[in-house]
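# Structure for this input, please:
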Amino acid sequence: MASHDGADTAGEEDDYMNMTFEETAPSTKTETLTQKKKRLAREAELKSRTKSKAELAEEEKEKREAALNSSTLDKSNKGFKMMAALGYKPGTALGASRTAREGAKDDRLLEPIGLEIRDSRSGIGADAEKKRKFREEVEAQQNTEKKRKVDAGEFRERQQKEREEKRMEGQMWGAMKVCEKLEEEDEAKQSTEQNGSTSKRRQTRPLKSVNVLWRTLVRQRAINERDRRMRYDLHQSLSRRPDYDDPDEDKEDKMALGRKAELDEVDIDIDEEDAELDEFEAFEVSEKLGKLVAYLREHWHYCFWCKFRYPDETMEGCPGTTEADHD
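Reported below is the predicted structural model:
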């Protein structure tokens, strides 16, 4: 009995010594009831939350791009299975090869025509109409820009031409005054030689007897004088009786104060038609200036550009007949 108990004790000791201990995973912290409720509430809130339009559009866009990027030939599709049964292989085209039959380039499609998703709700052909309108607007804008540039160039050119004409007009009036002065000097010289006294014919000389080249100057001066007298008459009529006659007044004063016995002839002369002057006034300013300059050189050997009267017709020392020659 004792021996049996000893054997059992020894066996138990052997079993104890041969025991192996398995490594257990470290215990994780268990979720409390409160935390679980919060987690479930958050998940339910996320599932029940209505997505915004931007989020829905983004998801739709991602799905669409994924579908378009994938091959249109789905092997699970019935159509693909039917074509495969008829001998179709992926990466090849259907039907006989055109290269071998017609000698043309084989341009057959390897995949079905893809879908084009339209973002807008416009109908077929609307994009072409928009492109046409956009092209017309661009062309109209370009034409407007070109016209603006042309108009600006024409405006500058017109301004430059007007400034040049105004400058030549001033030169023309100057040439007229030189012609009138030289003629008066010659007449005064001839009068001195014949009568021994000088006489001015500007006041009594008929307008048509003046050379047409500077007749405009004389006529304009007479018009200005008439206007001055009219203003003076109006002023005097407000301060004196019209029938008053001062015996001590000079002849010139009576003329200025409205005694028009001699003024009427001058006014009639100014308003009289002058076909010769009208014909001369029809010329361009440059033409009239050219005629005046040529007349000064021919009759008085005077160069308008040199501002000098030469002793003879050779006009030695004058660089030329135009303004450009004197630059």
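
# Give the burial count for Ile180, as a bare number.
Ile isn't right for residue 180; it's Glu. Neighbourhood size, Glu180 [other CB atoms under 10 Å]: 19. In short, each C-beta sits where N, CA and C put it, glycine included.

# quick one: it from Val212, how far?
13 Å (CB to CB, to the nearest Å).

# What of Ser76?
From Ser76 to Val212 the distance is 107 Å (CB to CB).

# quick one: which of those two has more around it?
Val212 (14 against 6).

# What score does that one have for pLDDT?
In the prediction, the pLDDT value recorded for Val212 is 90.

# wouldn't it be in contact with Asp278 here?
No. Here Val212 does not reach Asp278: they are 10.0 Å apart, not a contact under CB atoms under 8 Å.

# pLDDT averaged over stretch 295-308 - what is it?
92.

# swap that for stretch 138-149, sorry
Stretch 138-149 comes out at a mean pLDDT of 86.

# Any chance you could list what contacts that stretch?
Residues outside stretch 138-149 that contact it (CB atoms under 8 Å, 6 or more residues apart in numbering): none are found.

# Please shift the residue numbers so they start at 703 in all later answers.
Sounds good: first residue 703 from here, last item stretch 840-851.

# ok now that stretch, how far from the chain's centre?
8 Å (CA atoms, centre = their mean, to the nearest Å).

# repeat for stretch 742-754
For stretch 742-754, the distance to the chain centre is 59 Å (CA atoms, centre = their mean).

# what comes up buried for that stretch?
The neighbour-count check on stretch 742-754 (16 or more other CB atoms under 10 Å) flags nothing as buried.

# and for it, what are the contacting residues?
Glu761.

# can you tell me which residues contact Thr918?
Thr918 touches 878, 979, 982-983, counting by CB under 8 Å, 6+ apart.

# now the residues you listed in CSV, with neighbour count, pLDDT and distance to Gln922?
Shown next, in CSV, are the contacts of Thr918 (neighbours: other CB atoms under 10 Å; pLDDT from 0 to 100; distance: CB to CB, whole Å):
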residue, neighbour count, pLDDT, distance to Gln922
Met878, 21, 93, 10
Leu979, 16, 89, 11
Phe982, 16, 91, 13
Glu983, 12, 90, 11
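
# Could you export stretch 981-989 as CSV, CA atoms only?
The C-alpha coordinates for stretch 981-989 follow below in CSV (Å, rounded to 0.1, in the frame of the first residue of the first chain):
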residue,chain,number,x,y,z
GLU,A,981,-12.0,130.4,-107.6
PHE,A,982,-8.8,131.3,-105.8
GLU,A,983,-10.3,130.4,-102.4
ALA,A,984,-11.2,126.9,-103.8
PHE,A,985,-7.5,126.0,-103.9
GLU,A,986,-5.9,124.1,-101.0
VAL,A,987,-3.9,126.1,-98.5
SER,A,988,-0.6,124.6,-99.8
GLU,A,989,-1.5,125.6,-103.4
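
# Give me the contacts around it.
Residues contacting stretch 981-989 (CB under 8 Å, 6+ apart): 867, 870-871, 874, 914-915, 917-918, 990, 993.

# quick one: which of those residues has the most company?
That'd be Met874 among the contacts of stretch 981-989, by other CB under 10 Å, with 24 neighbours.

# my read: it touches Leu994, true?
Yes. Applying CB under 8 Å, one finds Met874 in contact with Leu994, separated by 6.5 Å.

# now the helices for the stretch 753-902 of the chain?
755-771, 780-787, 800-804, 828-897 (DSSP state H, counting those that start in this stretch).

# and those, which one's lowest on average pLDDT?
Sorting those by mean pLDDT places helix 800-804 lowest, at a mean of 57.

# circling back: is it possible to get JSON lines of the helices of the stretch 753-902 of the chain that adds distance to Tyr1012?
Formatted as JSON lines, these follow (distance: least, CB to CB, whole Å):
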{"stretch": "helix 755-771", "distance to Tyr1012": "94"}
{"stretch": "helix 780-787", "distance to Tyr1012": "109"}
{"stretch": "helix 800-804", "distance to Tyr1012": "95"}
{"stretch": "helix 828-897", "distance to Tyr1012": "13"}
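
# nearest to Phe1010, of these?
The closest of the helices of the stretch 753-902 of the chain to Phe1010 is helix 828-897. By CB to CB, the value is 11.2 Å.
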